[in-house]
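Chemist: Sequence plus predicted model, see below.
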Amino acid sequence: MMVIEMAAPGVFIMFFGAAALVIGLVTGIVPSTPLWLQLLAFSVLSVASLLLFRRQIMRRMQSKPAKNVDDFVDELGIANDQIAPGDRGAIELRGTVWTAVNVGDSALTPGQRCKVVKVDGLSLHVVVDDSQQINGIN
């Protein structure tokens, strides 16, 4: 059952497999355990472990939700192109290349840091960021 769970995660039959292993170990240590007690213990252990641990395991298995592109406001990117004020170009933000519109008064040069001020669909509105330098590049 535990192998099946690895092949099809989220089914949660692993609790039944774990209960079967525990009951098998107990029966191996105390072979005179009656069948009715084994079945009762298996049922109780399966349901109890499912109720106690399923929520915690689900929380750990769920991936974190992806950030919405609207959350990019105030983040810093690097210009890939020369982008004059009012023009479009490409910037890199979080390892992805985005279409950007320079809404500032200064032109962006390749390698220059820019700040996202607005998100419009999949286009980022950016301005030159003069707050710090990255690796000696403005």
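Modeler: Everything's here; your move.
Chemist: Can you give the domain ranges for the protein?
Modeler: 2-61, 69-128 (automatic domain parsing).
Chemist: Output the contacting helices and strands for the helix or strand containing residue 59.
Modeler: In this structure, residue 59 is located in helix 35-61 according to DSSP states H and E. The criterion is 3 or more Cβ pairs under 8 Å, 6 or more residues apart in numbering; DSSP states H and E, and the helices and strands that helix 35-61 contacts are helix 14-29. Glycine gets a C-beta too; all of them are placed from N, C-alpha and C.
Chemist: Throw the domains of the chain into JSON lines and include mean pLDDT and mean neighbour count, thanks.
Modeler: JSON lines is the format used below for the domains of the chain (pLDDT from 0 to 100; neighbours: other Cβ atoms under 10 Å):
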{"stretch": "domain 2-61", "mean pLDDT": "83", "mean neighbour count": "13"}
{"stretch": "domain 69-128", "mean pLDDT": "88", "mean neighbour count": "16"}
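Chemist: Just give me how far stretch 116-130 sits from the chain centre.
Modeler: From the chain centre to the centre of stretch 116-130 is a distance of 24 Å (Cα atoms, centre = their mean, to the nearest Å).
Chemist: First-to-last residue distance for that stretch?
Modeler: End-to-end distance of stretch 116-130 (Cα to Cα, to the nearest Å): 13 Å.
Chemist: Tell me how far the residue of the chain most remote from its centre lies from residue 38.
Modeler: Of all residues in the chain, residue 32 sits farthest from the chain's C-alpha centroid, using Cα atoms, centre = their mean; the distance is 49.1 Å. Here residue 32 is placed at a distance of 11 Å from residue 38 (Cβ to Cβ, to the nearest Å).
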